[in-house]
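Visitor: show me the folded form of this:
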Amino acid sequence: MNDTAHAARIVRTVRGMPASDGAGVKLTRVIGTPELPDLDPFLMLDEFGTDKAEDYLAGFPEHPHRGFETVTYMLDGRMRHRDNHGNEGLLTPGSVQWMTAGRGLVHSEMPEQESGRMRGFQLWVNLPAKDKMTAPRYQEFAPERIPVATPAAGVEVKVIAGAVGEVTGPIVQPATDPLYLDIALAPGARWTYTLPAGHNAFAYAYEGEITVGEGEGARELPSRTLAVLGGGESLVLQAGAQGASVILVAGRPLREPVVRHGPFVMNTRQELMQAFVDFQEGRF
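Guide: As a prediction, this is how the structure comes out:
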């Protein structure tokens, strides 16, 4: 049997667009733009990364969420989060927070530094209709609790969610069964990975360039570019001469209607209007 028939390939590439959120934090929005409004179950992907304190110091003051999850992965810098349910924590370099907003909370995310580099990703993951009004909860993991796999020569993988061989990530979410890997490839290193069957998947090269796929289906993925993957489950990644870092994310699609506005993501317009009423009346 010809393996290339089952090889994952780049279906399309998307460049992020400059955006601003919170109290003026500058970031790059990669999912959640006119070019790629969503990739079920993923609603948004932001990359923030700057050495200029003025780009991030104002942070993300209090704001509400309902109906989905936010995943914050810090590469550099420190961010403190607080919410109106009494939860508080500090995200340090290499740490991950997977927050299930559920029926609603109001929280803030503020930098705990006055200079230096602030860098990381925030991903929004939809919740199925049956879980949208669940109680809010956090899964928060310091860097030492994120296991690292070395599945091939010159390849190091931080396993945030999902599995690489026998190494399993600490984040569990049965609704979308997510995969979230941070992959570092040495110059010229190559790795083949089997994606979860039936999941929607993307790769985002945040440092260096990689080749995705093999044979006639191989395509270059430039730095700071997202690749929507398709065509099969066998994914081949190969770094260029400078090496590369890439996040690989996949999730089971929900295939449910999405009605969203700002920080609320529901299934019907009526539910969306109710979210605004509940927030204004202090029910979060």
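
Visitor: what's near enough to touch the closest residue to residue 39 other than its chain neighbours?
Guide: For residue 39, ignoring the flanking residues on the chain, the nearest one in space by Cβ to Cβ, 6 or more residues apart in numbering is residue 200 at 5.4 Å. From N, CA and C alone the C-beta is placed, and that goes for glycine too. With contact set as Cβ atoms under 8 Å, 6 or more residues apart in numbering, residue 200 has these partners: 39-42, 228, 250-253.

Visitor: try residue 136
Guide: Contacts for residue 136 (Cβ under 8 Å, 6+ apart) come out as 83, 85, 99-105.

Visitor: let's go with 7 Å and repeat that
Guide: Counting by Cβ atoms under 7 Å, 6 or more residues apart in numbering, residue 136 touches 85, 100-102, 105.

Visitor: what helix or strand is the nearest residue to residue 21 once chain neighbours are set aside on?
Guide: Of all residues not flanking residue 21 in the chain, residue 27 sits nearest, at 6.2 Å (Cβ to Cβ, 6+ apart). Assigned by DSSP states H and E, residue 27 belongs to strand 25-31.

Visitor: low-confidence regions, this protein specifically.
Guide: Scanning the chain for pLDDT under 70 picks out the ranges 1-5.

Visitor: now the helices for this protein?
Guide: Secondary structure of the chain (DSSP state H): helices at 269-280.

Visitor: can you tell me the centre-most residue of it?
Guide: Centroid-nearest residue in the chain, with Cα atoms, centre = their mean: residue 123, separated by 3.4 Å.

Visitor: which residues does the residue lying closest to that residue once chain neighbours are set aside bridge with?
Guide: Leaving aside its sequence neighbours, residue 123 sits nearest to residue 71 (Cβ to Cβ, 6+ apart; 4.3 Å). Residue 71 forms beta bridges with residue 98, residue 123, as assigned by DSSP bridges.

Visitor: please renumber so the chain begins at 5
Guide: Yep, numbering from 5; the last one is residue 75 now.

Visitor: residue 75: neighbour count?
Guide: Counted with other Cβ atoms under 10 Å, residues neighbouring residue 75 total 23.

Visitor: what sits against it?
Guide: Contact partners of residue 75, counting by Cβ under 7 Å, 6+ apart, are 102, 126-127, 129.

Visitor: give me the buried subset of these.
Guide: Neighbour-count burial (16 or more other Cβ atoms under 10 Å) applied to those gives 102, 126-127, 129.

Visitor: ok, those residues vs residue 23, which is closest?
Guide: residue 126 (11.5 Å; Cβ to Cβ).

Visitor: what separates the closest one from residue 46, distance-wise?
Guide: According to Cβ to Cβ, to the nearest Å, residue 126 stands 11 Å off from residue 46.
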